[in-house]
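Undergrad: model this:
(chains A, B, C and D)
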Amino acid sequence: MKLTDFIKKKTPKSDSSAKVLPYGENIITCTHLNKQFMGIKAIDDLSLQIPQAKTTGLIGPNGSGKTTLMNILTGLIKPDSGKITVRDKHRTRIKSNELRTYRIARTFQDGRVIEQLSVEDNLLLPVAKNTLWGGFTEIKTDDYQSRLEKVLDITSLKDHRHKRAEELSYGLRKLLEIGRLLMQDADIYFFDEPFTGLFPEMVEQVCDIISGLQKQGKTIVIIEHNMGLIKRLSDYIIVLDHGTLLAEGEPDAVLKNKKVREAYLGV
Amino acid sequence: MLLHLLINTLIVGSGYALVAMAFRLMNSVSPFFNMTIGAIAVLGGYIAYALLGFGLPLYLVVIISLLASSLFSGLLEIGIYTPMRKHGASPMVLMVASLGVYTIFESVIHLIFGSQYQTLGSISTSHMLNIGFMEIPLVQLLIIITSFVVWIFLNYYLHHTFMGKKIRAVNDSATLADIIGLKNNQIILTVAFLTGIILGLDGILVGYDTGLEPTLGFNLLFKGMIGAIIGGIATLNGAFFGAMFLALAENVGVALFASEWRDLIAFVIFIAFLSLRPQGIFQKKENNQ
Amino acid sequence: MEYLINLAILFSIYSMLALSLNMVIGMSGLVSLAQAAFYGIGAYATAIGMTSLGLGFFTTILLGIVINVAIAFVVGKILARFQYDYYAIVSAGLSVIVFSILLNWKKVTNGALGIYGIGKPVVAGYAFYSNSAFLGLALLFTAAIFALYVWIDRSSFGRVLKALREDERLTHVMGYKTKYYKSVIFVLSAALSGIAGAFFASYIAFIDPTTFQLKEGIFLFTIIIVGGLSSAVGSIVGALILISLPEVLRFVGLPYEIAAQLQQIIYGALLVLMMIFKPQGFFGKFRM
Amino acid sequence: MKKLLLGLCVLLALTACDNKKEQTLSKPVIKIGVIDALSGKYAENGQNVRQAIEFAKQDFASSDIDFEFVFEDYGYETKRAAVATNKLINVDKVDALISWSSMAGNVVSPLADKAKLVHFAICNDANVAKGKYNFTHFTPSGPLAEKLVKQIENQQAKSVALFAVYQPALQKHTDAVEQLLQSKGIATERFNFNMDSLDFDLMLEKAKQHNFDVWYICALPPSLDIFLKTFFQKNINVPLVAIDSLLFAQDKAIVEGMSFVTTPDGNKELLDRLTAANGSTNYFSVGYAYDVASLLMKAYSDLYKTTGKIPSSDEVADYLLALKGYHGAVGELVMDKDGIIMSQAVVKKMINGIPTEVEE
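TA: Below is the predicted model of the structure:
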């Protein structure tokens, strides 16, 4: 690691104007993915595609590898084997700090926020300059101010903006995490069980946010157990079972599929 | 020369091992860098020094000193560290608190026993034992024997007695132990007493071998702690062999270079060792999920 | 009055050290006990620079910074492999290594005898010989480091540090190469401690290895624990309390035998009470 | 209103001069500040130095001046030595300074020079004595080294192992011995060790392999006692010579019959008085502390007798520079031109625990 190369690192200029990206049919494809944890095959020779500018519901019984797959696609876990293609870039693994360059954003199951930082700092974190020198010299963040105000409105965190994240309720933390996601102006959004633990009115609020993203033609992947919400939000469904692809396709067709019902309801 | 190096490694290593095992044992129930470990040993030594001054017979002196050091260890754990942890003190905060307690202890010893250097038995009369090819002082032989006896006893105790199993359970997952109410004061007290006895023994032996000074606690602690870490904090055998390895590393350094570089060599080897195997020799591979 | 000026000089030197240490421990959560080593290297750079190499005070500060940056870069690399308590112990180990080099490398550092006759800073012919002038210069540097600290605290760079101290993986996902951030802040704080070392050497005019032992590293750590982690004001207040505490006790007129020991007891008690009632220190913004 | 102001001024004037008047009537008071290591690593030596100075004060029943010694602890740390000196000079307004150990000496001497106060340092660091007001009193390494090397030569030794602890004064002694031996073509090897090292097994084993003709030790307790214990346990039958060190052995039986080079007159009653007072046998630099305090008091009272007024620092400095034939606790003292007291060296032998001078 030469001293020079981490000084002059530049990030590509992100233009938020591009609505629908003119890439091919699928925005992410993975082929023959494998991941083993202490003898258990979490992901077993999995190959699938995430359709571009569509909302994909990722479902399957507990321990079917949904979260592991999402962690692999967002660089938290290194797959044992297999290839991942994001738009035109072929990779054997994705480094989590390159998510920004791939314009991918994600939330976490347990509403992961920086406890002792203020709500504002939590929201500014994903957009601030990520070069050393840039970060050093960037004090005023007014070019993100407008975006910040907008996100604070959408996630109703306006009057909590100076509070520390640890002072927020569980629901507000989830909203803060989604706010962080919205700040990033990415192309691909991963939601890991965004609705669990929320009050009904907050569920509606999150649904509105997601449909807002859908209108902008963003690609969305949601892990969720509540079939009603899945049907309501997703254009496409992937069903995993024991790390293998059980079924994929239109929501109605997939949910009627015999194998899916067996895996889920054990009927 | 090699023979001397090995024998000396055994002697110095046993000394470090006693502190390393005590540190490891205490860590299993109250996980933080406890700076007062050295102080408990020094207390044992000084109580023995005072009692010998009153002319008590040796066996009585040893019993009372061990009692005192284990009481002190129990008092520290139950009185300060566990309540603080219950109020949410993090390991780092506990470390600083134990540093404060150690500073107070060292000054109190200064005040009571003065800052002079004292030895328990007069050095010149410590009779020598001829073990075949060379002579080593009785005290140093005692240190080796005690260290091995304590090691074997702890291995037996932790693996074959009911209390021992409970202690290991607490060590494996403190949170689970909390949930099922396992980590009650009874276990913590037993471990604290056990640690106190081991450290008291170490204090008395050091008192006979190289003498006592109020500032002794820090050196004892530091080398023992490093031994425990080299061996991997998770297992008792790790602490024992880690301490032996540290002594070997120091002696090899002294033999090859010069003894003024002793500390430097010990730490260079310690850091090199750690960066190659961050978990130490025996620790179970951390699941880095 | 002269007495207070002298105390103020020591206070400003320890504030520089506390601020630079708080950048590492307070902002990025890395408990480094190696600060005393960089403090020592800075001091020796000035001592050797001014006495045998005949350099001016400010050139020796640059010399100290260059050496400290180089060593901190390597040391930072080694330390980056560790976490939390391992990090603290390894950094303590590095501090012992640097101390024993200062003690045993007699040809350069004159070993246990130390280096005497270290000069005062000279700016355009004016020598900072009087204590009040020296204090002015020291406070100038302390203020500069204070401003730098506040700047970093407010900058995006500082925000990333404060994020990685709690959840390095999440900060990584946010697109930051956390390894570089940790090593840059470590190197920067080492350089600043070197400056404090230079002022110490020039003020006392004599230095020897015993000042830069691990004990000093732990003392600096205590200053920011008492003052408050991750807070510029906390560092200053911590330095003020722990520098003036022994002096206050000196005037309480305790009998000689127990005066020295009583000071240590009160100092230890302060630590224990702080950790029980106010673990994040008086002005702390970060709970370890 | 004016009357009030007038009254105030008179009052002020009275108190000012009153203060002056009161001083000349009764005995004048001379304050001497002592920068001493009462805590930390050298706490034991520091306490003994304080004890020796208090003995000196008792013995020097001066008729016309009251001497007051103000002790400040610096715990063998340079930063605290600077703070202590600054307090003594600026708050206690002391008339003279005494410091113990070359570390403190080096810190105090520039400060004393600037404040124009006489400073007597108990250390053998020549550069501490720079400047008109600075003096040092410790056996300079020269005479000790010469006496010791003569002893080594008597035994026709070809190679000497030099064991020395990392303490400034003792390192200087050992450096002098080493240079002298090398100048006489005798091979030497240096074994340094830190103050708190407690394991000499391997170091002595290594030295044993190179079979030196003579071994030399210069250390302080506790490392001294452990060195001796290991030396005898390995029954290395090689003559062991030393500078001072054997004097401090905690276990007198070990050093019985051994000879060492030290200052002429260890002033046995002073050492016994000290042991009686606090049970310590670590007499390191006790005699010098006693001398320094007595010399300062002698200078002030002699000058006061002749001039009738409190002597200035310059007068005291000149008086000390002209010191000749003063019989101190450590023997005949002669002040050389740059403020270093020369005292001779002599060979002593421990005979049933008592260091007695021996003609070699």
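Undergrad: right, is the top helix by length along chain B up against chain D?
TA: Determined from DSSP state H, the single longest helix within chain B is helix B:2-29. Yes. Shown here: helix B:2-29 in contact with chain D (C-beta under 8 Å from any C-beta of the partner chain) through B:His4, B:Leu5, B:Asn8, B:Ile11, B:Val12. Where C-beta positions appear, they are placed from N, C-alpha and C, glycine not excepted.
Undergrad: and the one residue in the stretch 51-200 of chain B that gets nearest to chain D, helix, strand or coil?
TA: The nearest approach of the stretch 51-200 of chain B to chain D comes at B:Ser115, 3.5 Å away (C-beta to the nearest C-beta). Assigned state for B:Ser115: coil (three-state reduction, DSSP: H, G, I helix; E, B strand; the rest coil).
Undergrad: right, and it touches D:Lys41 too?
TA: No. Using C-beta atoms under 8 Å, B:Ser115 makes no contact with D:Lys41, being 9.0 Å away.
Undergrad: Could you list the contact residues of the stretch 151-300 of chain D toward chain C?
TA: Counting by C-beta under 8 Å from any C-beta, the stretch 151-300 of chain D sits next to chain C at D:Tyr166, D:Gln167, D:Pro168, D:Gln171, D:Lys172, D:Asn192, D:Asn194.
Undergrad: List the residues that contact the spatially most central residue of chain A.
TA: Of all residues in chain A, the one closest to the mean position by C-alpha atoms, centre = their mean is A:Phe190, 1.8 Å from it. By C-beta atoms under 8 Å, 6 or more residues apart in numbering or on different chains, the contact list for A:Phe190 reads A:Met70, A:Leu73, A:Thr74, A:Ile104, A:Ala105, A:Arg106, A:Thr107, A:Val221.
Undergrad: A strand includes it, no?
TA: Yes. According to three-state DSSP, A:Phe190 belongs to a strand.
Undergrad: Which pLDDT value does the model give it?
TA: At A:Phe190, the model reports a pLDDT of 91.
Undergrad: Starting from chain D, give me the distance back to it.
TA: Counting by C-beta to the nearest C-beta, to the nearest Å, the gap from A:Phe190 to chain D is 56 Å.
Undergrad: so how far is D:Val214 from the nearest residue to that residue once chain neighbours are set aside?
TA: Once flanking residues are discounted, A:Phe190 sits nearest to A:Arg106: 3.8 Å by C-beta to C-beta, 6 or more residues apart in numbering or on different chains. A:Arg106 sits 76 Å away from D:Val214, going by C-beta to C-beta, to the nearest Å.
Undergrad: in which helix or strand would I find the closest residue to A:Asp241 other than its chain neighbours?
TA: Nearest residue to A:Asp241 in three dimensions, chain neighbours excluded: A:Ala263, at 4.6 Å (C-beta to C-beta, 6+ apart). Following DSSP states H and E, one finds A:Ala263 within helix A:258-265.
Undergrad: And that helix, what does it pack against?
TA: strand A:236-241, strand A:244-249 (3 or more C-beta pairs under 8 Å, 6 or more residues apart in numbering or on different chains; DSSP states H and E).
Undergrad: just those: most buried one?
TA: strand A:236-241 (a mean of 22; mean count of other C-beta atoms under 10 Å in any protein chain shown).
Undergrad: could you say what helices and strands that strand packs with?
TA: strand A:40-51, strand A:55-59, strand A:244-249, helix A:251-256, helix A:258-265.
Undergrad: what does the stretch 1-150 of chain D put close to chain C?
TA: D:38-40, D:43, D:47, D:50, D:71-73, D:75-80, D:82-83, D:86-87, D:89-91, D:102-103, D:106-107, D:110, D:125, D:127-128.
Undergrad: mind checking how far the residue of the stretch 1-150 of chain D found nearest chain A is from C:Ile204?
TA: The nearest approach of the stretch 1-150 of chain D to chain A comes at D:Lys79, 33.3 Å away (C-beta to the nearest C-beta). From D:Lys79 across to C:Ile204, the span is 7 Å (C-beta to C-beta).
Undergrad: ok so, going back, just the ones of the contacts of A:Phe190 in strands?
TA: A:Ile104, A:Ala105, A:Arg106, A:Val221 (DSSP state E).
Undergrad: most surrounded residue in those?
TA: A:Val221 (28 neighbours; other C-beta atoms under 10 Å in any protein chain shown).
Undergrad: Which positions in the stretch 1-150 of chain C make contact with chain B?
TA: Going by C-beta under 8 Å from any C-beta, the residues of the stretch 1-150 of chain C near chain B are C:31, C:78, C:81-82, C:84-86, C:88-90, C:93-94, C:96-97, C:100-101, C:103-104.
Undergrad: does the top helix by length along chain C come close to chain A?
TA: Using DSSP H to assign secondary structure, the helix with the most residues in chain C is helix C:178-204. Yes. Interface with chain A: helix C:178-204 contributes C:Thr178, C:Tyr180, C:Tyr181, C:Val184 (C-beta under 8 Å from any C-beta).
Undergrad: Pull up the residues of the stretch 201-350 of chain D that are close to chain B.
TA: D:201-203, D:205-206, D:209, D:221-222, D:225-226, D:228-229, D:232-233, D:250-251, D:253-254, D:278-280, D:282.
Undergrad: Any of the residues you listed buried? List them.
TA: D:201-203, D:205-206, D:221-222, D:225-226, D:228-229, D:233, D:250-251, D:254, D:280, D:282 (16 or more other C-beta atoms under 10 Å in any protein chain shown).
Undergrad: Dump the contacts of A:Phe190 to JSON lines, plus distance to C:Met27.
TA: Output for the contacts of A:Phe190, formatted as JSON lines (distance: C-beta to C-beta, whole Å):
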{"residue": "A:Met70", "distance to C:Met27": "31"}
{"residue": "A:Leu73", "distance to C:Met27": "32"}
{"residue": "A:Thr74", "distance to C:Met27": "27"}
{"residue": "A:Ile104", "distance to C:Met27": "28"}
{"residue": "A:Ala105", "distance to C:Met27": "26"}
{"residue": "A:Arg106", "distance to C:Met27": "26"}
{"residue": "A:Thr107", "distance to C:Met27": "26"}
{"residue": "A:Val221", "distance to C:Met27": "35"}
